[in-house]
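Visitor: Predicted model and sequence follow; I will ask about them next.
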Amino acid sequence: MSSSSSLTLIFFFASTFLYTSSNSFDITTILNQNKDFSDFNKLLTQTQLASTINSHQTITILALSNDAVSSFSDQPTEDIKKTLSLHVVLDYYDIKKLKSLSKKTALLTTLFQSSGQAKGQQGFINATVMSNGDVMFGSAVPGSLLDAKLIDSVASQPFTISVLHISSYIPIMNAASSDTPYVSSSPLPPQAPNDDDYEFDEPPSPPSPPSSAKGPAAAKAAKAKAPSSKTESTSSVPAINSQLDLVFVVLMSSFLLFMTVW
């Protein structure tokens, strides 16, 4: 065999090995073995999360039974995808590892967090070992409840993939209000321009009285002022006449005096 043929065979086997190692599991095949997860499996395929999961080398799936899936399966596809991605942990956790958490609690990073769509702690889930030994899950948003219980293990390939069955789905909580679950990303109905500013606007000034209302008042005021103006006018005439009479008298007196002397 020539050296070139040997190199070709080595390259072929190396490529096959690497491909097999990077795709050592198929989540669809794993879930197909249990009909209780058929709806969950179907949604993973519809949202294309199945292929994303298979592209990872280390991952944990918090699987939901058909009954649990029905709680959110009527939502828009995009919202279902976000909810399901919160149930995909980007690390390997089996039952033994969870129950051996050093501090009895941990924040787990999910596929929703890596999507860049999560706000605050939305993309993390809280895993806590309770005093009775139960492992509970919930949103990491402060104030969220731990109400999803670990039931059992569905499948496990150590340090590669772990599929765990939990009792109920973990809702995406609103970061601003931890007691309100995320419902839909659908746009809100259109609102009037600046509708959100109305609350902060100062109250408008009271409207001016109509011109008709001003008429009588203005006329009355003018009428009230008119006499005074007329009075001033008439009173000034006698004053002027009196002054003219005085001048006339003075002139006549001067004239008579001049004639007498002359």
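Guide: Happy to help now that I have it. Given the structure is predicted, the values throughout are model-derived calculations rather than measurements.
Visitor: How about F159: what's its closest non-neighbour residue?
Guide: Y92 (5.1 Å; Cβ to Cβ, 6 or more residues apart in numbering). (C-beta placed from N, C-alpha, C; glycine too.)
Visitor: can you pull the contacts of that neighbour?
Guide: 58-60, 158-162 (Cβ atoms under 8 Å, 6 or more residues apart in numbering).
Visitor: those helices in the protein, which residues are they?
Guide: Along the chain, the segments classed as helices by DSSP state H run 3-22, 27-31, 38-46, 49-54, 66-69, 77-85, 95-99, 111-114, 211-261.
Visitor: How about residues contacting the fourth one?
Guide: With contacts defined as Cβ under 8 Å, 6+ apart, helix 49-54 is touched by 23, 25-28, 41, 43-44, 59, 61, 81, 84-85, 88, 111.
Visitor: try the fifth one
Guide: Outside of helix 66-69, the residues that reach it under the criterion Cβ under 8 Å, 6+ apart are 36-40, 43, 166-169.
Visitor: Count the residues that sit near M130.
Guide: By the criterion of other Cβ atoms under 10 Å, M130 has 12 neighbours.
Visitor: Correction: the previous question concerned I166.
Guide: Other residues near I166 come to 21 when the count uses other Cβ under 10 Å.
Visitor: do M173 as well
Guide: Neighbours of M173 using other Cβ under 10 Å come to 25.
Visitor: Quick check: bridge partners of it?
Guide: Beta-bridge partners of M173, counted by DSSP bridges, are P181.
Visitor: mind checking how far it is from K99?
Guide: 25 Å (Cβ to Cβ, to the nearest Å).
Visitor: now do V69
Guide: Per Cβ to Cβ, V69 is found 26 Å from K99.
Visitor: between these two, who's got more neighbours?
Guide: V69 (21 against 13).
Visitor: what pLDDT does the more buried one get?
Guide: Per-residue confidence (pLDDT) for V69: 97.
Visitor: Could you list the low-pLDDT ranges of this structure?
Guide: The model of the chain has pLDDT under 70 over residues 1-23, 176-250, 255-256, 258-262.
Visitor: what about the longest strand in it?
Guide: The longest strand of the chain (DSSP state E) is strand 148-157.
Visitor: So which elements touch that strand?
Guide: Under the contact definition 3 or more Cβ pairs under 8 Å, 6 or more residues apart in numbering; DSSP states H and E, strand 148-157 sits against helix 27-31, helix 95-99, strand 135-139, strand 161-166.
Visitor: partner strands of it, parallel or antiparallel?
Guide: strand 135-139 (antiparallel), strand 161-166 (antiparallel).
Visitor: hang on, the earlier thing: mark which of the contacts of helix 66-69 are buried, thanks.
Guide: Buried subset of the contacts of helix 66-69 (neighbour count, 16 or more other Cβ atoms under 10 Å): 36-37, 39-40, 43, 166, 169.
Visitor: Not counting residues beside it along the chain, what's closest to T45?
Guide: Closest to T45 by Cβ to Cβ, 6+ apart is T28, at 6.3 Å.
Visitor: Okay then, goodbye and thanks.
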